[in-house]
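# coordinates only, sequence not included:
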């Protein structure tokens, strides 16, 4: 499989995964509103990564989404970042963005989270959501690049050519 095809495969598998995650986020309150016991599995799916505090979550069908507003922003931002990745990068090269870019978009999220943690302020849902979107939108550039590079390097090592592709 060519490098371009490996990058495309990682991209489309990741796109399918994020679409599934976003779908489950919105499916959970819908199932709960219908009295389906399956909603518990949807909420349980995100429990390891999100506190799911109802007061910090956006409601849908009268029930909180499966994640808080900030995590929703991260997932939606990741989905949007997938679109930007395809338009900006395509599938021809693997190149990690600069670390300072990650630090720059992470700073508002950390600042908001710490301010809330230390009770300096109580950010509204829209601010939590926006800091999540900002951070989530850059993640595909690191995730897809990292996973694709891993598989490309693995193939090169198997073939006895460990040179760096960057």
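Nice, thanks for sending it over. Everything numeric here is computed off the predicted structure, so don't read it as measured data. Numbering: from 1, shown residues only.

# Could you measure from the residue nearest to residue 136 when sequence neighbours are not counted over to residue 56?
Excluding its sequence neighbours, the residue lying closest to residue 136 (C-beta to C-beta, 6 or more residues apart in numbering) is residue 77, at 2.6 Å. To be clear about C-beta, it is placed using only N, CA and C from the backbone, and glycine gets the same treatment. Look at residue 77 and residue 56: by C-beta to C-beta, to the nearest Å, they are 17 Å apart.

# sorry, back to before: would you confirm that the residue nearest to residue 136 belongs to a strand?
No - secondary structure of residue 77 (DSSP: H, G, I helix; E, B strand; the rest coil): helix, not part of a strand.

# Now for residue 68: which residues touch it?
Shown in contact with residue 68 (C-beta atoms under 8 Å, 6 or more residues apart in numbering): 50, 51, 52, 53, 56, 57, 128.

# Tell me the one among the residues you listed nearest to residue 15.
Using C-beta to C-beta, residue 50 comes nearest to residue 15 of the contacts of residue 68, at 21.3 Å.

# hang on, that closest one packs against residue 65?
No - shown here, residue 50 and residue 65 do not form a contact pair, counting by C-beta atoms under 8 Å, at 9.6 Å.

# Which one of those two is surrounded by more residues?
The residue with more neighbours, out of residue 50 and residue 65, is residue 65; 27 against 21, by other C-beta atoms under 10 Å.

# picking that back up, max pairwise distance over the contacts of residue 68: which two?
By the measure C-beta to C-beta, 52 and 128 form the most distant pair in the contacts of residue 68, at 13.4 Å.

# So the two - more neighbours on which side?
Shown here are residue 52 and residue 128; by other C-beta under 10 Å, residue 128 has more neighbours (24 against 18).

# Any stretches of this protein with poor pLDDT?
Judged by pLDDT under 70, the chain has its weakly predicted residues at 156, 161-166.

# For it, which segments count as helices?
3-33, 39-46, 69-88, 99-117, 125-158 (DSSP state H).

# Tabulate these (TSV), appending distance to residue 61.
Shown next, in TSV, are the helices of the chain (distance: least, C-beta to C-beta, whole Å):
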stretch	distance to residue 61
helix 3-33	4
helix 39-46	10
helix 69-88	15
helix 99-117	26
helix 125-158	17
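
# Give me whichever of those is most buried.
helix 69-88 (a mean of 20; mean count of other C-beta atoms under 10 Å).

# That one to helix 39-46, inter-axis angle?
70 degrees (axes from the mean of the first three to the mean of the last three C-alpha atoms, to 10 degrees).

# Summarise which helices and strands helix 69-88 is packed against.
The contact analysis (3 or more C-beta pairs under 8 Å, 6 or more residues apart in numbering; DSSP states H and E) places helix 69-88 against helix 3-33, helix 99-117, helix 125-158.

# Lovely, talk soon.
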